[in-house]
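The sequence and its predicted three-dimensional model are supplied below.
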Amino acid sequence: MKQVVAISFGVFFLLVLFNNFNYPDFPTRNIDTVTIKNVDGKLESMAPHLPTVDFSNDGRVAIRRRGSYNEYSKTHPNDRRTGVPLYILKPENVNNHLYDESNYSADAANYSGRRYVGTPMMTEKPDHIFVESEFESKPAILDEYVAKRTFLCEKSEEHPSPWACGPNGAKTHDCYRFTMITRYHHRDHVDHANTPGLNHDIRLASVDYFVRVKNPKTPDAEIDYVQFINGSFKYSERIQFPKVAEPVMTGNGRLLVARLHEATLTLPNGEGTASNINMVYATYPDTNASGDRQQQCDVRKLINFRPLSYAYHDSEMNGRFNFAKFPLRDSLNRPIPKGKPIGGSYPWMDKSASNLFYTGFGNDDSYYGTDGEGGVLSLFVENVAGLATDGSAYQVPEAP
């Protein structure tokens with residue numbers, strides 16, 4: 001009996017103790033996740049929606065996605081292209097919060113020796129600058145086109161990167177083989193208004209190159225040799241949309257994710273058309289009809305775009321890429337019908353093609369951000385959907 005009383009008293013004591021314990025407050029997010037603001041009725045971005053650079057699969061080499069290196073144009077005023085910068089990422093100590101670093105810049109357009117937004121291991125000065133004279137002449141058909149965006153792809157099945165290499169057969173360096181893909185706009189291309197009859201003329205072009213890194217994976221890492229591979233230049237047929245923006249190569253090198261502009265797309269298998277589509281993908285099979293393995297990063301086969309909401313229903317996606325394992329659902333967990341637009345823009349997909357990150361917004365025609373009564377959910381914040389969320393859309397800070 002005494003033992004029972006003692007145990008009961010002990011349980012009571014613990015309950016009282018825990019009920020009176022001063023637990024710390026639940027942590028709160030003191031950050032502004034809104035990335036778009038309304039200026040006189042026009043939506044304007046407050047920050048980059050994608051990383052300023054595109055990374056190699058191992059995250060150690062990067063190429064600038066957008067723009068050119070201004071310092072190069074000052075010293076080479078007659079060069080038609082002002083150069084595409086290539087960077088090596090190397091470890092360094094960060095003693096303060098990134099926002100407190102003296103050379104941090106919140107303005108991605110201000111490159112005056114400062115860091116890129118969100119990239120504490122990379123400084124502005126590039127390790128190498130690609131210029132057009134470094135590789136074989138482009139096909140004449142591209143002479144009337146202007147380079148706009150650049151991104152990376154890796155033929156990992158043929159050339160897994162990096163591998164040990166070095167001068168004179170030494171194994172002191174890391175070597176990479178990349179495919180650099182560039183989006184070209186015709187000089188008369190109309191970059192807006194998805195209206196039939198307007199001149200929408202975009203092509204994707206690619207070229208392979210070899211990169212050698214000295215002192216790899218150390219603070220002294222540097223790119224000491226770059227060589228374009230002759231005979232590797234490829235280009236696509238015309239893409240007749242006003243935009244192919246924010247392009248990202250992912251998955252196994254046969255999947256492109258991008259943003260169009262309120263496009264009308266033809267669905268496969270005679271399933272009709274899809275209207276007002278913004279976020280899209282393009283892919284092609286791993287093997288051809290003869291069973292032969294198809295080469296990765298082939299821009300000639302990455303121009304048949306489909307809505308991201310169609311991926312689960314696409315035999316070329318479901319079973320190949322984890323992103324398509326579940327049908328997509330909106331923020332109220334409602335299934336998004338195949339081919340319907342997702343309320344969002346600026347898509348980015350991880351390297352394994354498992355999860356889609358994007359800036360979400362709602363409108364009357366979307367299955368993402370409205371509550372059915374005119375209310376808008378998760379307006380202009382970053383979201384994730386895919387394998388990690390069983391296909392449902394979550395705000396990034398609240399994802400499971």
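That came through, no problem.

Could you list the low-pLDDT ranges of the stretch 1-150 of the chain?
Residues of the stretch 1-150 of the chain that meet the criterion pLDDT under 70 lie in 1-51, 66-83, 92-137.

make it 80
1-52, 65-85, 90-140, 143, 145-148 (pLDDT under 80).

Tell me which residues touch Arg320, please.
Gly251, Asn252, Thr283, Asp286 (CB atoms under 8 Å, 6 or more residues apart in numbering). C-betas here are computed from N, CA, C, even on glycine.

right, and the second one touches Pro285 too?
It refers to Asn252. No: at 10.9 Å, Asn252 does not count as touching Pro285 under the criterion of CB atoms under 8 Å.

Those two: who's more crowded?
Using other CB atoms under 10 Å as the criterion, Asn252 and Pro285 rank with Asn252 on top: 17 against 13.

so for stretch 237-248, what's the average pLDDT?
Here stretch 237-248 scores 88 as its mean pLDDT.

Send over it as PDB, restricted to the C-alpha atoms.
Extracted C-alpha coordinates of stretch 237-248, given in PDB (Å, rounded to 0.1, in the frame of the first residue of the first chain):
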ATOM      1  CA  GLU A 237      14.100  24.000 -83.800                       C
ATOM      2  CA  ARG A 238      12.300  27.200 -83.300                       C
ATOM      3  CA  ILE A 239      10.300  27.500 -80.100                       C
ATOM      4  CA  GLN A 240       7.300  29.800 -80.800                       C
ATOM      5  CA  PHE A 241       6.500  31.100 -77.400                       C
ATOM      6  CA  PRO A 242       7.200  34.600 -76.000                       C
ATOM      7  CA  LYS A 243       9.300  33.100 -73.200                       C
ATOM      8  CA  VAL A 244      11.200  30.100 -72.100                       C
ATOM      9  CA  ALA A 245      12.300  31.700 -68.800                       C
ATOM     10  CA  GLU A 246      14.100  30.300 -65.800                       C
ATOM     11  CA  PRO A 247      15.200  27.100 -67.500                       C
ATOM     12  CA  VAL A 248      16.600  24.300 -65.300                       C
END
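
how about the helices in the chain?
In the chain, the segments counted as helices under DSSP state H are 2-19, 70-75.

Give me the phi and psi angles of Asp58.
Asp58 has phi and psi values of phi -90, psi 0 when expressed as degrees, to the nearest 10.

Actually, Asn199.
phi -80, psi 90.

which residues touch it?
His186, Asp188, His189, Val190.

again, but for Val211
Here Val211 is in contact with Val61, Leu86, His128, Cys175, Tyr176, Arg177, Phe178, Ile223, Tyr225, Val226 (CB under 8 Å, 6+ apart).

Could you check the pLDDT of the nearest residue to Ser352 once chain neighbours are set aside?
Excluding the flanking residues, the one nearest Ser352 by CB to CB, 6 or more residues apart in numbering is Asn322, at 6.7 Å. As predicted, Asn322 sits at a pLDDT of 96.

Same question for the one 4 residues further on.
We note a pLDDT of 95 for Phe326 in this prediction.

so what's Asp208 closest to, chain neighbours aside?
Ser232 (3.8 Å).

make that Tyr225, sorry
Arg212 (4.0 Å).

likewise Leu198?
Closest to Leu198 by CB to CB, 6+ apart is Val190, at 4.6 Å.

Report how many residues lie close to that neighbour.
When neighbours are counted by other CB under 10 Å, Val190 registers 15.

buried stuff in stretch 384-392?
Using 16 or more other CB atoms under 10 Å as the test for burial, stretch 384-392 gives Val384, Ala385, Gly386, Leu387, Ala388, Thr389, Gly391, Ser392.

ends of that stretch, how far apart?
With CA to CA, to the nearest Å as the measure, the first residue of stretch 384-392 is 8 Å from its last.

Report the mean confidence score over that stretch.
89.

residues making contact with that stretch?
So stretch 384-392 is contacted by 312, 322-323, 325-331, 333, 349, 354-358, 393-394, 396, 399-400 (CB under 8 Å, 6+ apart).

can you tell me which of those residues are in strands?
Met349, Asn355, Leu356, Phe357, Tyr358, Tyr394 (DSSP state E).

Would you check how far apart the second one and Lys325 are?
Remark: distance between Asn355 and Lys325 (CB to CB, to the nearest Å) = 11 Å.

cool, and the first one?
Applying CB to CB, the value for Met349 to Lys325 is 14 Å.

before we move on, what about Thr182?
With CB to CB as the criterion, Thr182 and Lys325 are 32 Å apart.
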